[in-house]
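Novice: can't give you the sequence, but here's the structure:
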């Protein structure tokens, strides 16, 4: 037991001390921050870019004084008399973005206006203008039909649907949107990390086999101890990296959002955009804003449960797969030869990963999702996809038990291949030989 | 020290060891010889408990070989290597601790060995920065640092220059003097003659020869002597019933060295009595077969054995 600790310690320290580990550990949060900052910056920029001046040529005469300038768009009415080609061109030459809006006399029937500019107007500007025109036209239509606009606005029944699940603890809020997002990110993270750390195990085994040090070591410890020491050591490296990433990212994001940009400013801008895009309801009631919505949705998600199950399934899945990776490493002489053995390991993971996007998130409690989250080879991804949507406790328990069973099984198989493979130099094994190795007496 | 009884190791397609029994005396240097693929490495791995035999037992110091003996065995494999990116000092500590030493004890002993082998400056170097000979030296120290009672060396001199071969040889002898038993597997027959007390020869998974080096050489004596002399006035020829001439330098008239094989029942004294009146002798030496010759002879005889057997059978049917 003492020896296995020595091996774990060496595997762990030799990787954590590496410059590349430090680099990756600190660079990844920085990249995350960078993406975050860039998003904020670009969002802020896009609001500035939408400032425009629109010269309105109202040939119908219906809109005079009815179009209001907004924060981004300034409307300037143009007298029809001044409407010569030269003057039009002159108007477009002004500073900033200049547009010429031509409203034809038959706008009520044709529902069509033209926006002339040197560059095509952005969709946001086009949308804003068309909404303004629609509002005016609607008012006119209301008036023609003898309907009082205020009355219409007062008669506005609001029905909100709040999705609830019936659980043992009673009703509980559920949030399909946020759950889906979290489910997908979890499946990506687990998929990538299983491969990342699994292949580190494989490379470690190949290195020991190639440098022949393995023979010295297994004259001191059992091959099984060496294999398990390596798997656990690298697994701990993975956990260390996760924890550092979480700590660093949250701190940096906190600092960044406080320092880089005024968060409130962005929030109001986004709210405004939200309000504008909802056009006709803008007058009716105060909007919650996108941030608020997301926040409310996220509040419904049980993060503690997600992080706990994530760590359990990541570690379980890692143990299960890395044992297989170790077996592959022991059966070959160099990394280039691993291809043929990697295939069967990759398939169940890839299969679940692809299904998690198409099927599992849409039907997280269906029979396919259930079975995939029970089979140990697919459960690390499938169960994590289901978790944010809520999974009964007994299913998690059963699935974890099966995962532990699966891990014991793959470790047993891998250890039998490993103990023979690491001593076979200069020879690439075939599947037939691997089966033979399984049957060798100790 | 080590008693190997009827070891059989079967792999899928071939039998690596077939009923091999060997006795290694305490405090001896024991040569494990055999051509490539004879089963030496399989046997060494079984002694190191890297693999287990299909049948047969091994006794270590009177006890059935078990994992508690691991710390008392030092093993230098033929295919050797170290972690390339790990510092030498750390690496030695790691290997010594795996053999059961405490960190403190290991540090002291490694420092002692490094001083002895003039390797002090290597502690923080990485293996990839050392030459091959230097790496071998590090590996040798790693093999013996935990003061094993049994040291198994597989081709210990490969990769060393003559100066380092002598250093390692000296260390092997001094370890032996301080009580360690050595098993020594090599293809360099001259170092076997120089170092080994006893040998075993394995060929095609079977033990074909074992015993004390001197006994074996005695058995393979051919009663052949080389006699150097001044040119004789009369030609020297073979004498029926006394000796035959195996080799003669120069012509019968002007010979200077004579290699004679003495006939059965006669001794070298009889030959000398015949020669002394005829020629002036200034050197006499018995030609004892070298381990090299015995090795080659034994292995080739065995290789042609099935053929011989075949002809014998034919002879029997003819009669």
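Specialist: Here it is on my side, so go on. In this text the structure is predicted, and so the values were computed from the model without any measurement. Numbers count the residues shown, from 1 in each chain, chains lettered A, B, ... in the order given.
Novice: can you pull out the strands in chain A?
Specialist: Defined through DSSP state E, the strands belonging to chain A, from first to last, are A:52-58, A:73-78, A:98-103, A:114-116, A:164-167, A:170-173.
Novice: one more: chain B?
Specialist: Taking DSSP E as the criterion, chain B carries its strands at B:2-10, B:15-24, B:29-33, B:55-60, B:63-64, B:73-76, B:150-154, B:181-185, B:198-203, B:206-212, B:224-229, B:243-249, B:257-262, B:281-286.
Novice: for residue A:55, find the nearest of those.
Specialist: Comparing the strands of chain B against residue A:55 with Cβ to Cβ, the closest turns out to be strand B:73-76 (91.6 Å). Heads up, the C-betas are built off the backbone N, CA and C, glycines and all.
Novice: show me what the closest one is packed up against.
Specialist: Using 3 or more Cβ pairs under 8 Å, 6 or more residues apart in numbering or on different chains; DSSP states H and E as the contact criterion, the neighbours of strand B:73-76 among helices and strands are helix B:132-144, strand B:150-154.
Novice: coming back round to it: now the strands of chain B as TSV including mean neighbour count, distance to residue A:222 and mean pLDDT?
Specialist: Compiled in TSV, the strands of chain B are given as follows (neighbours: other Cβ atoms under 10 Å in any protein chain shown; distance: least, Cβ to Cβ, whole Å; pLDDT from 0 to 100):
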stretch	mean neighbour count	distance to residue A:222	mean pLDDT
strand B:2-10	19	18	91
strand B:15-24	19	21	90
strand B:29-33	25	24	93
strand B:55-60	16	17	92
strand B:63-64	10	18	92
strand B:73-76	25	15	92
strand B:150-154	23	18	93
strand B:181-185	24	22	93
strand B:198-203	22	27	90
strand B:206-212	17	29	88
strand B:224-229	18	53	88
strand B:243-249	15	56	83
strand B:257-262	19	56	87
strand B:281-286	12	52	87
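Novice: tell me which of those strands lies nearest to residue A:89.
Specialist: If you check each of the strands of chain B against residue A:89 by Cβ to Cβ, strand B:73-76 wins as the nearest, at 91.8 Å.
Novice: can you list the strands that that closest one pairs with?
Specialist: When pairs are called by DSSP bridges, strand B:73-76 turns out to pair with strand B:150-154 (parallel).
Novice: quick check: angle from the strand it pairs with to strand B:181-185?
Specialist: When axes from the mean of the first three to the mean of the last three Cα atoms, to 10 degrees is applied, the directions of strand B:150-154 and strand B:181-185 differ by 10 degrees.
Novice: let me see the domain layout of chain B.
Specialist: Taking the TED database as the domain assignment, the record places the domains of chain B at B:2-218, B:221-291.
Novice: domain-wise, how is chain A divided?
Specialist: Taking automatic domain parsing as the domain assignment, the record places the domains of chain A at A:51-153, A:174-271+A:284-439.
Novice: quick one, which of those domains is packed in tightest?
Specialist: The highest average neighbour count among the domains of chain A, using mean count of other Cβ atoms under 10 Å in any protein chain shown, belongs to domain A:174-271+A:284-439 at a mean of 18.
Novice: off-centre distance for that domain?
Specialist: When distances are taken as Cα atoms, centre = their mean, to the nearest Å, domain A:174-271+A:284-439 is centred 16 Å away from the chain's centroid.
Novice: contact partners for residue A:411?
Specialist: For residue A:411, the contacting residues are A:228, A:319, A:323, taking Cβ atoms under 8 Å, 6 or more residues apart in numbering or on different chains as the criterion.
Novice: show the contacting residues for the second one.
Specialist: Which is residue A:319. Counting by Cβ under 8 Å, 6+ apart, residue A:319 makes contact with A:231, A:235, A:407, A:411.
Novice: try residue A:66
Specialist: Contacts here follow Cβ under 8 Å, 6+ apart; on that basis residue A:66 touches A:136, A:139.
Novice: separation between the closest residue to chain B within the stretch 251-400 of chain A and residue B:127?
Specialist: At 12.4 Å from chain B, residue A:333 is the closest residue in the stretch 251-400 of chain A, using Cβ to the nearest Cβ. Note on residue A:333: its distance to residue B:127, by Cβ to Cβ, to the nearest Å, is 20 Å.
Novice: go on, residue A:121?
Specialist: The value you get for residue A:121 to residue B:127, if Cβ to Cβ is used, is 67 Å.
Novice: same check, this time on residue B:41
Specialist: As judged by Cβ to Cβ, residue B:41 and residue B:127 stand 23 Å apart.
Novice: residues near the closest residue to residue B:86 other than its chain neighbours, how many?
Specialist: Leaving out its chain neighbours, the residue that sits closest to residue B:86 by Cβ to Cβ, 6 or more residues apart in numbering or on different chains is residue A:14, at 6.4 Å. Here the count is done by other Cβ atoms under 10 Å in any protein chain shown, and residue A:14 has 20 residues near it.
Novice: make CSV out of the strands of chain A and add distance to residue A:189 and mean pLDDT.
Specialist: Supplementary listing: the strands of chain A in CSV, determined by distance: least, Cβ to Cβ, whole Å; pLDDT from 0 to 100:
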stretch, distance to residue A:189, mean pLDDT
strand A:52-58, 42, 82
strand A:73-78, 43, 80
strand A:98-103, 46, 83
strand A:114-116, 45, 82
strand A:164-167, 25, 58
strand A:170-173, 25, 49
